[in-house]
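**Student:** Sequence and computational prediction follow.
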Amino acid sequence: MSFAPTGAVNGATVAGLTSPTYTVTTDTPPNNNAKQFAILAVGGTQVGVDVHTVSKPFTVTMFRPATLRQLPQANATTGVVKNVPNNTYKIITRKGASPAANQVPLTARITTTIEVPAGTDTYEPEDIKAMLSCHIGILSNQSSGIGDTVLSGVL
């Protein structure tokens, strides 16, 4: 299944939010190599959290490479593949937030970049899946601590 969040998505546990959910709907992506979703409703207890608007965006966008790269041929003499290219994917979450009272909202961003060496997707897909599982699991497991660090600056 490709990247296609639908309906209400459960948010990770973060101090101050109770059972957060986010209702997503398909939005217009910035280019043909992307899918974008806007958050039009929030659930659980999220006092003061705004949904997507023009002036305060709340979107999640996933980009794939414009051209998917393949593993080049190995050197006929040495059998070594040199200069293995990467296929780079990005997921960007944007959320508008005001920096102070009576101020214009600014856009906060989270960018996750996933670099997959060409060929690993077919030769060792389980390792790529394990990498993603671990990365997303740690982000989810540590979401409250990451939030504390982002707000306090204490790592």
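**Tutor:** Right, received. Where do you want to start? Numbers count the residues shown, from 1 in each chain.

**Student:** Kindly provide the distance from the nearest residue to Leu155 once chain neighbours are set aside to Val47.
**Tutor:** Closest residue to Leu155 apart from its sequence neighbours, by C-beta to C-beta, 6 or more residues apart in numbering: Thr149 at 5.5 Å. Using the backbone N, CA and C atoms, a C-beta is placed for each residue, glycine as well. Separation of Thr149 from Val47 (C-beta to C-beta, to the nearest Å) stands at 22 Å.

**Student:** And the two? Which one has more around it.
**Tutor:** Thr149 (12 against 7; other C-beta atoms under 10 Å).

**Student:** helix/strand/coil for that one?
**Tutor:** Three-state call for Thr149 (DSSP: H, G, I helix; E, B strand; the rest coil): helix.

**Student:** the longest helix in the chain is where?
**Tutor:** As assigned by DSSP state H, the longest helix anywhere in the chain is helix 125-141.

**Student:** Could you name the helices and strands sitting against it?
**Tutor:** Under the contact definition 3 or more C-beta pairs under 8 Å, 6 or more residues apart in numbering; DSSP states H and E, helix 125-141 sits against strand 106-117, helix 120-123.

**Student:** one more time with 7 Å, if that's ok
**Tutor:** helix 120-123 (3 or more C-beta pairs under 7 Å, 6 or more residues apart in numbering; DSSP states H and E).

**Student:** Leaving out sequence neighbours, find the closest residue to Val80.
**Tutor:** Val80 sits nearest to Ala74 (C-beta to C-beta, 6+ apart), 6.2 Å away.

**Student:** pLDDT wise, what is Pro29 at?
**Tutor:** On the pLDDT scale, Pro29 is placed at 97.

**Student:** Which helix or strand contains it?
**Tutor:** Per DSSP states H and E: Pro29 is located in neither a helix nor a strand.

**Student:** Thr23 too?
**Tutor:** Per DSSP H and E: strand 18-27 holds Thr23.

**Student:** tell me which residues in that strand are buried?
**Tutor:** Residues of strand 18-27 classed as buried: 20-24, 27 (neighbour count, 16 or more other C-beta atoms under 10 Å).

**Student:** Correct me if wrong: the residue nearest to Val80 contacts Val81.
**Tutor:** Yes. Counting by C-beta atoms under 7 Å, Ala74 does reach Val81; the two are 4.8 Å apart.
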